[in-house]
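> Got a sequence here, can you model it:
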Amino acid sequence: MTTYDERAQLALSVDLPYPADIGVTCRQLQREVAEEVARLTGLDVRDVTLTIRRLATIGGPGRVQ
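Predicted coordinates:
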């Protein structure tokens, strides 16, 4: 997290579930993280940058379809 003049910029590295709508999932995660950090710190969160490390299959390796 970088802060400047009561504003914060966040950078997160995450694993996301697959299959999923990646765009919707990322926007929702960015919004929820920004809201929670703002609530906890009182900072204005201007930017939440996500790096997707990997897509994790829902149910793990032995899942049954």
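> For the rest of this, base every contact and every neighbour count on C-alpha atoms.
Will do.
> which regions of this structure sit below the pLDDT cut-off?
60-65 (pLDDT under 70).
> For it, which segments count as helices?
22-41 (DSSP state H).
> Can you tell me the strand partners of the longest strand along the chain and which way each runs?
Taking DSSP state E as the criterion, the chain has its longest strand at strand 44-57. Its sheet considered, strand 44-57 pairs with strand 7-18 (parallel) by DSSP bridges.
> so what's the most centrally placed residue in the chain up against?
The centroid of the chain falls nearest to residue 29 when counting by Cα atoms, centre = their mean (4.0 Å). With Cα atoms under 8 Å, 6 or more residues apart in numbering as the criterion, no residue contacts residue 29.
> for the longest strand of the chain, which positions count as buried?
44-45, 47-48 (16 or more other Cα atoms under 10 Å).
> what's the closest of these to residue 16?
residue 48 (15.7 Å; Cα to Cα).
> Please tell me how far the closest one sits from residue 23.
Per Cα to Cα, to the nearest Å, residue 48 is found 14 Å from residue 23.
> Give me the contacts around the longest strand of the chain.
6-19, 26, 30, 33-35, 37-38.
> Mind checking which of those residues are buried?
Buried among these (16+ other Cα under 10 Å): 8-10, 16-17, 26, 30, 33-34, 38.
> And the furthest pair within those?
Across the buried ones among the contacts of strand 44-57 (Cα to Cα), the longest gap, 26.8 Å, separates 8 and 17.
> Tell me which two of the buried residues of strand 44-57 sit farthest apart.
Using Cα to Cα, these reach their maximum pairwise distance at 44 and 48, which is 11.3 Å.
> about what we covered before: could you tell me the angle between the longest strand of the chain and helix 22-41?
Interaxial angle, strand 44-57 versus helix 22-41 (axes from the mean of the first three to the mean of the last three Cα atoms, to 10 degrees): 140 degrees.
> CA atoms only for strand 44-57, dumped as PDB, please.
In PDB, the C-alpha atoms belonging to strand 44-57 read as follows (Å, rounded to 0.1, in the frame of the first residue of the first chain):
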ATOM      1  CA  ASP A  44      -9.500   7.500   0.400                       C
ATOM      2  CA  VAL A  45      -8.600   4.400  -1.700                       C
ATOM      3  CA  ARG A  46      -8.200   5.600  -5.200                       C
ATOM      4  CA  ASP A  47      -6.700   2.500  -6.900                       C
ATOM      5  CA  VAL A  48      -6.700  -1.200  -6.300                       C
ATOM      6  CA  THR A  49      -4.400  -3.000  -8.700                       C
ATOM      7  CA  LEU A  50      -4.700  -6.700  -9.000                       C
ATOM      8  CA  THR A  51      -2.200  -9.200 -10.200                       C
ATOM      9  CA  ILE A  52      -3.700 -12.600 -10.900                       C
ATOM     10  CA  ARG A  53      -1.200 -15.200  -9.800                       C
ATOM     11  CA  ARG A  54      -3.200 -18.200 -11.000                       C
ATOM     12  CA  LEU A  55      -6.600 -19.500 -11.700                       C
ATOM     13  CA  ALA A  56      -7.600 -22.200  -9.300                       C
ATOM     14  CA  THR A  57     -10.100 -24.900 -10.400                       C
END
